[in-house]
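Chemist: Please find the sequence and the predicted model below.
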Amino acid sequence: MPPEPRESRTVIAREHCPSCGSSDNLARYDDGSAYCFGMGCSRFEPPTDGTYQPNPQTQRRRAVAGIIDGEYRALSKRRIDVETCRKMGYQIGETSKGPVQLANHSVGGTVLAQKVRGADKEFYTTGDPKELRLWPMAIWPDTGRRIVVTEGEIDAMAVAQCFGLSWPVVSVPKGAAGAAAAIKRDLQWLEGYDSVVLWFDNDEAGRAAVEECVPLFKPGKCSVAYAPSPHKDAGDMLVAGDLKGLARCVYDAKAWRPEGVVTLADVKERALRPIEVGCPWPWEGLTKATFGRREGEVYGFGAGTGVGKTDLFTQIIAHDLDTLGVTCGVLYLEQSVAETAKRVAGKLVGKRFHVPDGSWTRDELVVALDRLDAKAPLHLFEAFGSTSWDVIGPIIRYMIIGLGCRHVFLDHLTALAADEEDENGALKVIMAAIAGLAQETGAKIHFISHLSTPDNKPHEEGGRVMTRHFRGSRTIGFWSHMMFGLERNTQAEDPEERSVATLRCLKDRYTGNATGQTWGLSYDRLTGILTEAPIEAAAGGFGEKRAASKDF
């Protein structure tokens, strides 16, 4: 109804409205006043007979609000026609800075606030900012089967136009950042619809807004739509002329679920793929028991000082490079890169190039290094005393993503937390990051950990390694897919006894079959190579004979 009703006023004509373009929605009264009844239009012309006495409260509101007059026009660049603009209440106005677009927030035909869009997407508000609601909720019913909520007014008009202006569509007034607040304010109104489709921009801000808004609704009520690449939003799809695709986005909107939650149908194809043994270890028995190494897994090794854990790593690295042809990244924090290169090359040809015992020549070393370099790339990190995770973490990521390293070897993990006030707390952060990086990239990450002093026989004398001996054991045990302990009596009088170690599986997350199994590894002092060997050791060391491992 007109904003200033008078009982004596009589309609004398129906005229063209210069604001909305309607041919006959402007009612002309006998006092000379006029009012447009077009949807979303609020044009009012005061009487010309001198009887006009405006409501003081309305006059004050209009004077304070600074509402911009506008008219309805098609947005040709956005392919939005004038009927859509008229239905939704979207106008073009003029300001001292040039033309602007106006999203009118109206109640009872009176514009209470406007969201103004200037050049270069400059946004500001006129009128009462408290009146900025879901736009334009006033034109839609309070209940219905489905309503679409978009991130912007242009997107709302694009969706509404696609469905012939018959489907309720609204936009949040302040973009993705203010989406949750806007929906909270009008949540009761939205709950009147059976289904709510959130269609925000397909970017980081839009996805974050979805995560924030969906939990506001009752379970099962909300679904989510995104524009398919390369489109960002519904407005882009309309400009591209993809009306079928635009409609399909709404029809195919998926019930929201937190990232990472999947259905059986989502994983069925992956589950039906043939199971394959992972990358083998250098020793057949270990591969047989563990079914190899799989993508995205983390492997932890622990041993006492001087027991041979670094040499064990070096044997695995040489095998992965030479036999498997896998690009490896090596971070030995307590060994020079030159020595590491010599040790790895020596494993290939059975020479201890790092020992100056006259058993090898420089030419043999050159041949071995060339062979090593020809097999697969080996990337070494020259630590220079760097033992901070803030330094090492990005290096590991670079090796994996930038250099293509599929297997990474860190010796040793404990050094990264040694200078921290809360060592266990630091290890917790580091292990979570390592496991996350392995899962993200599919790389296999191997690490060595120092052990705490045991209560009984020292590890250097062949004492049994247990999970609880690992520094930060609970954290390491939680994030590692497999854990191994290496046991050897470095103080034995018998040189044969000193050359045989026991590799014990402490954790096997994959099947559990390998947990508790042991394997013998014999070190050849002439070639420097670790080979499988029967175990003849008592619990914790040599002495009493026991049966050889059934795997060898």
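Modeler: Thanks, I have it.
Chemist: Return the backbone torsion pair for residue 496.
Modeler: phi -70, psi -40 (degrees, to the nearest 10).
Chemist: from the chain's centre, how far out does the longest helix along the chain sit?
Modeler: Secondary structure of the chain per DSSP state H: the longest helix is helix 423-441. Put simply, helix 423-441 sits 16 Å off its chain's centre (Cα atoms, centre = their mean, to the nearest Å).
Chemist: Would you indicate which residues of it are buried?
Modeler: Within helix 423-441, the residues that qualify as buried are 426-431, 434-435, 437-438, 441, counting by 16 or more other Cβ atoms under 10 Å. From N, CA and C alone the C-beta is placed, and that goes for glycine too.
Chemist: Which neighbours in the sheet does whichever strand or helix holds residue 103 have, and how are they oriented?
Modeler: Using DSSP states H and E, residue 103 sits in strand 98-107. Using DSSP bridges, the strands paired with strand 98-107 are strand 90-95 (antiparallel), strand 110-117 (antiparallel).
Chemist: Quick one: residues in contact with it.
Modeler: 40, 42, 68, 70, 75, 89-94, 111-119, 127, 131-133, 135-136, 138, 153, 171, 173 (Cβ atoms under 8 Å, 6 or more residues apart in numbering).
Chemist: Are any of those residues buried, and if so which?
Modeler: By 16+ other Cβ under 10 Å, the contacts of strand 98-107 give 40, 42, 68, 70, 75, 89-93, 111-117, 127, 131-133, 135-136, 138, 153, 171, 173 as buried.
Chemist: ok, now which ones touch the residue nearest to residue 45 when sequence neighbours are not counted?
Modeler: Spatial nearest neighbour of residue 45, excluding adjacent residues (Cβ to Cβ, 6 or more residues apart in numbering): residue 34 at 4.0 Å. Residue 34 is in contact with 15, 26-28, 43-45, counting by Cβ under 8 Å, 6+ apart.
Chemist: ok, what's across the strand from residue 34?
Modeler: residue 28, residue 45.
Chemist: swap in residue 100?
Modeler: For residue 100, the beta-bridge partners under DSSP bridges are residue 93.
Chemist: picking that back up, reformat the buried residues of helix 423-441 into JSON lines and put distance to residue 221 and pLDDT next to each item.
Modeler: Listed next are these as JSON lines, based on distance: Cβ to Cβ, whole Å; pLDDT from 0 to 100:
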{"residue": "426", "distance to residue 221": "44", "pLDDT": "85"}
{"residue": "427", "distance to residue 221": "43", "pLDDT": "86"}
{"residue": "428", "distance to residue 221": "39", "pLDDT": "87"}
{"residue": "429", "distance to residue 221": "38", "pLDDT": "88"}
{"residue": "430", "distance to residue 221": "42", "pLDDT": "90"}
{"residue": "431", "distance to residue 221": "40", "pLDDT": "89"}
{"residue": "434", "distance to residue 221": "40", "pLDDT": "93"}
{"residue": "435", "distance to residue 221": "36", "pLDDT": "92"}
{"residue": "437", "distance to residue 221": "37", "pLDDT": "93"}
{"residue": "438", "distance to residue 221": "38", "pLDDT": "94"}
{"residue": "441", "distance to residue 221": "37", "pLDDT": "92"}
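Chemist: now, among these, which is nearest to residue 161?
Modeler: Distance to residue 161, by Cβ to Cβ, is smallest for residue 441 among these, at 44.2 Å.
Chemist: and residue 525, which of the three is it?
Modeler: Three-state call for residue 525 (DSSP: H, G, I helix; E, B strand; the rest coil): coil.
Chemist: which non-adjacent residue is nearest it?
Modeler: Using Cβ to Cβ, 6+ apart, the closest residue to residue 525 is residue 499 (6.6 Å).
Chemist: Contact partners for that neighbour?
Modeler: 522-525.
Chemist: can you pick the most crowded of these?
Modeler: residue 523 (19 neighbours; other Cβ atoms under 10 Å).
Chemist: how much space is there between that residue and residue 533?
Modeler: As judged by Cβ to Cβ, to the nearest Å, residue 523 and residue 533 stand 9 Å apart.
Chemist: which residues in the stretch 301-450 of the chain form strands?
Modeler: With strands called from DSSP state E, counting those that start in this stretch, the stretch 301-450 of the chain shows them at 328-332, 378-380, 407-411, 444-449.
Chemist: Direction included, what does the longest one pair against?
Modeler: When you say that, I think you mean strand 444-449. Its sheet considered, strand 444-449 pairs with strand 298-303 (parallel), strand 407-411 (parallel) by DSSP bridges.
Chemist: any chance of these in TSV, plus distance to residue 340 and mean pLDDT?
Modeler: TSV is the format used below for the strands paired with strand 444-449 (distance: least, Cβ to Cβ, whole Å; pLDDT from 0 to 100):
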stretch	distance to residue 340	mean pLDDT
strand 298-303	17	92
strand 407-411	9	94
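Chemist: CSV for the ones you listed, including mean neighbour count?
Modeler: Output for these, formatted as CSV (neighbours: other Cβ atoms under 10 Å):
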stretch, mean neighbour count
strand 298-303, 26
strand 407-411, 25
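Chemist: right, and residue 192 touches residue 140 too?
Modeler: No - look at residue 192 against residue 140 with Cβ atoms under 8 Å: they stay out of range, at 9.9 Å.
Chemist: Give me the below-cutoff pLDDT ranges for the chain.
Modeler: Scanning the chain for pLDDT under 70 picks out 1-9, 18-22, 38-42, 49-65, 257-260, 384-386, 418-419, 472, 535-552.
Chemist: Tell me which stretches of the stretch 251-400 of the chain form helices.
Modeler: Using DSSP state H, counting those that start in this stretch, the helices of the stretch 251-400 of the chain run over 264-271, 284-290, 309-322, 337-349, 362-375, 389-397.
Chemist: Make JSON lines out of these and add distance to residue 250 and mean neighbour count.
Modeler: Putting those into JSON lines (distance: least, Cβ to Cβ, whole Å; neighbours: other Cβ atoms under 10 Å) gives the following:
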{"stretch": "helix 264-271", "distance to residue 250": "22", "mean neighbour count": "8"}
{"stretch": "helix 284-290", "distance to residue 250": "50", "mean neighbour count": "19"}
{"stretch": "helix 309-322", "distance to residue 250": "51", "mean neighbour count": "23"}
{"stretch": "helix 337-349", "distance to residue 250": "58", "mean neighbour count": "20"}
{"stretch": "helix 362-375", "distance to residue 250": "55", "mean neighbour count": "14"}
{"stretch": "helix 389-397", "distance to residue 250": "40", "mean neighbour count": "16"}
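Chemist: Any idea which of these gets closest to residue 247?
Modeler: That would be helix 264-271 among these, by Cβ to Cβ, at 24.1 Å.
Chemist: you'd agree residue 517 is up against residue 506?
Modeler: No - under the criterion of Cβ under 8 Å, residue 517 makes no contact with residue 506, lying 10.2 Å away.
Chemist: Those two: which is more packed in?
Modeler: Counting neighbours by other Cβ under 10 Å for residue 517 and for residue 506 shows that residue 506 has the greater number, 23 against 17.
Chemist: Can you tell me how far that one is from residue 358?
Modeler: 40 Å.
Chemist: same deal with residue 448?
Modeler: Computed as Cβ to Cβ, the residue 448 to residue 358 distance reads 31 Å.
Chemist: Tell me which of these two has more neighbours.
Modeler: Taking other Cβ under 10 Å, residue 448 and residue 358 do not tie; residue 448 has more neighbours (24 against 6).
Chemist: Who does the more buried one form a beta bridge with?
Modeler: Following DSSP bridges, residue 448 is listed with bridge partners residue 301, residue 411.
Chemist: show me what contacts it?
Modeler: In this structure, residue 448 makes contact with 300-303, 309-310, 313, 410-413, judged by Cβ under 8 Å, 6+ apart.
Chemist: could the residues you listed be laid out in JSON lines, adding distance to residue 102?
Modeler: What follows is the contacts of residue 448, written out as JSON lines (distance: Cβ to Cβ, whole Å):
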{"residue": "300", "distance to residue 102": "63"}
{"residue": "301", "distance to residue 102": "68"}
{"residue": "302", "distance to residue 102": "69"}
{"residue": "303", "distance to residue 102": "74"}
{"residue": "309", "distance to residue 102": "72"}
{"residue": "310", "distance to residue 102": "72"}
{"residue": "313", "distance to residue 102": "69"}
{"residue": "410", "distance to residue 102": "60"}
{"residue": "411", "distance to residue 102": "66"}
{"residue": "412", "distance to residue 102": "66"}
{"residue": "413", "distance to residue 102": "61"}
